[in-house]
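Chemist: when you get a sec, could you give me coordinates for this:
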Amino acid sequence: MASSVLVLSMAALVMILLCSATATASNASPANKTQHNNFSLDNFGARGDGKHDDTQALSKAWNAACSSSRPAVLLVPKSKSYLLNSITLSGPCKSSVIFMVKGTLVAPPSRSAWSEDSRSHWIMIQGVSGLTVTGGGTVNGNGDDWWKNSCKTNKVLPCTMAPTAFTFHCCDSLKVENLKIVNSQQIHMSVEDCNDVQLARLSITVPGTSPNTDGIHITRSKDVQVRDCIIKTGDDCMSIEDGTHNLHVTKVVCGPGHGISIGSLGDDNSRAEVSGILIDSVQLYGTTNGARTKTWQGGSGYAKDITFQNIIMDNVQNPIIIDQNYCDSTTPCKKQQSAVEVSNVVFKNIRGTTISKDAIKLSCSNDDSCSNIVLENIDLKMEGGKGETQSTCQYAKWRKAGTVIPQPCETKN
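Modeler: Numbering: from 1, shown residues only. Here you go, the predicted model:
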């Protein structure tokens, strides 16, 4: 047992040192920023036919670009498809790198191509400062075989890990823009332990029936901006989890999917901290949830200073929901005394249609109830005019501003 603890401690120390190295790596650029060293996959032995394994070619090209003393461009050429197995591209780099994806990066179509120790991610970039990923190309996770064998699809099957398509870990001053990410095995893009992040003009597409295929997942990261994205998934369009602070999301179109979610937070009695979240000018179409905050019983910490505003909803289930009794388990969750505290949450200027009668649900904890919930200028009606919407509340401390339809908290559970 002592040796296991020592190994885990050493692993944690390595990750801390990696993030520290990223933060302190030199970001100095030459006086002439227009001069770049160019590194094309084709010059490092890549075939680009979508059949032969080009993983080593990408690894070699990355190493060359990352060690360049001048700003570097790593090119995935247009009109070609590069088959990649699980790969990690690590920094710190000597100068800034532009990962220019003009062609297609494609994952193996069969689960058998993945070893047990490579199933957590497909493409991971870690420990890099000043990275830009762009180019207008495609990242294709080839996830069909994974979805068919998911326990969410077939409950007889055991639940197993599936790869995240694109993971950014310990990256500072990160830009990811103008990419198409399709058919991920599980999460499409995960931003973890990063600072100063800009995600823009991303198109994320997967069938609405594909399980656990979150669009953008953000955790343990701060100062993140997401804008002008179109996300169609089988799970949350965006999932915002523990350690996320100062996140601004604007002009995102979501659907199908499970909406935009804060959480889930506090699972396995863990502590979670989320603050400074702004979701603005978002459109949701046919999603199973709209603006949602979800926390498990037994957790601790906080989710605070959260604003959902200027949102249009069309044919959405559960448009506004706070759930401090969230349970995503094969067995019923037992009642526990603690909860992640939810406070200072604003729902403002939200309008549209819903297919569920309960347009507003505030299901809060009896022990750490959600407080200072503001409902302002809301107009949510039944799709097709089929009856009147209503709201339900449980242990919620809320206030209303302007006109709110349905009338808040008519029903108390």
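Chemist: spatially nearest residue to the residue nearest the centre of the chain (excluding sequence neighbours)?
Modeler: Centroid-nearest residue in the chain, with C-alpha atoms, centre = their mean: His217, separated by 1.3 Å. Once flanking residues are discounted, His217 sits nearest to Ser190: 4.4 Å by C-beta to C-beta, 6 or more residues apart in numbering. No exception for glycine: its C-beta is placed from N, CA and C like everyone else's.
Chemist: so that neighbour versus Ile181, what's the distance?
Modeler: Ser190 is 11 Å from Ile181, where distance means C-beta to C-beta, to the nearest Å.
Chemist: which neighbours do those two share?
Modeler: Residues touching both Ser190 and Ile181 by C-beta atoms under 8 Å, 6 or more residues apart in numbering: Phe166.
Chemist: ok, Gly255 to Ala107 distance?
Modeler: Counting by C-beta to C-beta, the gap from Gly255 to Ala107 is 25 Å.
Chemist: so what's the residue count around the closest residue to Gly352 other than its chain neighbours?
Modeler: Once flanking residues are discounted, Gly352 sits nearest to Met313: 3.3 Å by C-beta to C-beta, 6+ apart. Using other C-beta atoms under 10 Å, Met313 has 26 neighbouring residues.
Chemist: now for this structure, the helix or strand with the poorest mean pLDDT.
Modeler: None of the helices or strands of the chain scores lower by mean pLDDT, DSSP states H and E than helix 2-24, at a mean of 45.
Chemist: mind showing which ranges of the stretch 301-413 of the chain have poor pLDDT?
Modeler: 411-413 (pLDDT under 70).
Chemist: all strands of it, in order?
Modeler: Residue ranges of the strands in the stretch 301-413 of the chain, as given by DSSP state E, counting those that start in this stretch, are 320-326, 341-354, 358-363, 371-382, 390-394, 398-405, 411-412.
Chemist: quick one on the thing from earlier: quickly list what the residue nearest to the centre of the chain is bridged to.
Modeler: Beta-bridge pairing for His217 (DSSP bridges): Ser190, Ser239.
Chemist: start at 7 instead
Modeler: All set: I'll call the first residue 7, so the last point we hit is now His223.
Chemist: so it sits against Ser190, correct?
Modeler: No. Using C-beta atoms under 8 Å, His223 is not in contact with Ser190, being 10.6 Å away.
Chemist: pull the distance from stretch 323-334 to the chain's centre.
Modeler: Mean-position distance between stretch 323-334 and its chain equals 18 Å (C-alpha atoms, centre = their mean, to the nearest Å).
Chemist: which parts of that stretch are buried?
Modeler: The neighbour-count check on stretch 323-334 (16 or more other C-beta atoms under 10 Å) flags Gln323, Asn324, Pro325, Ile326, Ile327, Ile328, Asp329, Gln330, Asn331, Tyr332 as buried.
Chemist: before we move on, back to that, what about the helix or strand following the least confident helix or strand of the chain, average pLDDT?
Modeler: Next helix or strand after helix 8-30 toward the C-terminus (DSSP states H and E): strand 43-46. For strand 43-46, mean pLDDT is 97.
Chemist: buried set for strand 43-46?
Modeler: For strand 43-46, a neighbour-count test (16+ other C-beta under 10 Å) marks Asn43, Phe45, Ser46 as buried.
Chemist: quick one: strands adjacent to that strand?
Modeler: strand 78-82 (parallel).
Chemist: touching the partner strand from outside, list them.
Modeler: Outside strand 78-82, the residues that reach it (C-beta under 8 Å, 6+ apart) are 42-47, 67-68, 70-72, 88, 99, 101-111, 141, 143.
Chemist: the residues you listed in strands, which ones?
Modeler: Of the positions in those, Asn43, Asn44, Phe45, Ser46, Tyr88, Val103, Ile104, Phe105, Met106, Val107, Thr110, Leu111 sit in strands, assigned by DSSP state E.
Chemist: nearest to Thr61 among these?
Modeler: Tyr88 (8.8 Å; C-beta to C-beta).
Chemist: who touches the closest one in this structure?
Modeler: 47, 52-54, 56, 60, 63-64, 82, 109-112.
Chemist: export those residues to JSON lines and tack on distance to Asp273 and neighbour count?
Modeler: Listed next are the contacts of Tyr88 as JSON lines, based on distance: C-beta to C-beta, whole Å; neighbours: other C-beta atoms under 10 Å:
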{"residue": "Leu47", "distance to Asp273": "40", "neighbour count": "23"}
{"residue": "Ala52", "distance to Asp273": "41", "neighbour count": "25"}
{"residue": "Arg53", "distance to Asp273": "43", "neighbour count": "16"}
{"residue": "Gly54", "distance to Asp273": "42", "neighbour count": "20"}
{"residue": "Gly56", "distance to Asp273": "38", "neighbour count": "14"}
{"residue": "Asp60", "distance to Asp273": "38", "neighbour count": "28"}
{"residue": "Ala63", "distance to Asp273": "40", "neighbour count": "21"}
{"residue": "Leu64", "distance to Asp273": "35", "neighbour count": "23"}
{"residue": "Val82", "distance to Asp273": "37", "neighbour count": "26"}
{"residue": "Gly109", "distance to Asp273": "39", "neighbour count": "23"}
{"residue": "Thr110", "distance to Asp273": "35", "neighbour count": "20"}
{"residue": "Leu111", "distance to Asp273": "32", "neighbour count": "25"}
{"residue": "Val112", "distance to Asp273": "33", "neighbour count": "20"}
